[in-house]
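J.: structural data only, the sequence is not supplied:
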């Protein structure tokens, strides 16, 4: 089975950077018609048609060649997901001149390191989110969702519902809200009615 080198390059806006990456791929042995690119797509943009095409083009035994890891993935978990996909299909990953073969012990180590970093990054994000919520709560900024309807609109919705002439769907259309929001409003106004505040 002949091995094919499939290249991928990405840049946000700078055409010169993309040209340099393509040149680097050609020097690494990738044929010009086997280079897929994304231009004007940032690393955080999930839509990367060029990368999708490159991943679709590689077959078992092939090698995906990328100038640098940060051109391939937008985050460590993203790199890990792409690495897992390549490994499961028997595709090697080449970053610059370094080839990482998932069936080789050193290649396995590289993919495992990616997995460890991905888990670490996810844990850090969770920890920062918890800390941020705790700080917001202590400052009284975390009070739950603000009602989508004003108090007057809530009263009117309740009145219309109590007449029996309007269905939940009718009320959702009249007030331009979702049906779950109608149910929440009815529940809220029922408790307000019981407490005498409505």
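T.: Thanks, I have it. Remember, predicted model here, so these are calculated numbers, not experimental data. Residues are numbered from 1 along each chain as shown.
J.: ranges for the helices of this structure?
T.: 15-27, 49-57, 69-72, 76-88, 105-138, 151-163, 168-174, 179-195 (DSSP state H).
J.: tell me the angle of the fifth one relative to helix 76-88?
T.: When axes from the mean of the first three to the mean of the last three Cα atoms, to 10 degrees is applied, the directions of helix 105-138 and helix 76-88 differ by 150 degrees.
J.: ok, the second one next?
T.: Interaxial angle, helix 49-57 versus helix 76-88 (the same axes, to 10 degrees): 20 degrees.
J.: packing partners for helix 49-57?
T.: Applying 3 or more Cβ pairs under 8 Å, 6 or more residues apart in numbering; DSSP states H and E, one finds that helix 49-57 makes contact with strand 5-11, strand 35-39, helix 76-88. (Each C-beta comes from the backbone N, C-alpha and C, glycine too.)
J.: residue 69 is nearest to which of the ones you listed?
T.: helix 76-88 (6.1 Å; Cβ to Cβ).
J.: so how far is that closest one off the chain centroid?
T.: With Cα atoms, centre = their mean, to the nearest Å as the basis, helix 76-88 stands 14 Å off its chain's centre.
J.: over to stretch 3-22?
T.: On Cα atoms, centre = their mean, the centre of stretch 3-22 falls 22 Å from that of its chain.
J.: highest mean neighbour count out of the helices and strands packed on helix 49-57?
T.: strand 5-11 (a mean of 24; mean count of other Cβ atoms under 10 Å).
J.: check what pLDDT residue 152 gets.
T.: You'll see residue 152 listed with a pLDDT of 87.
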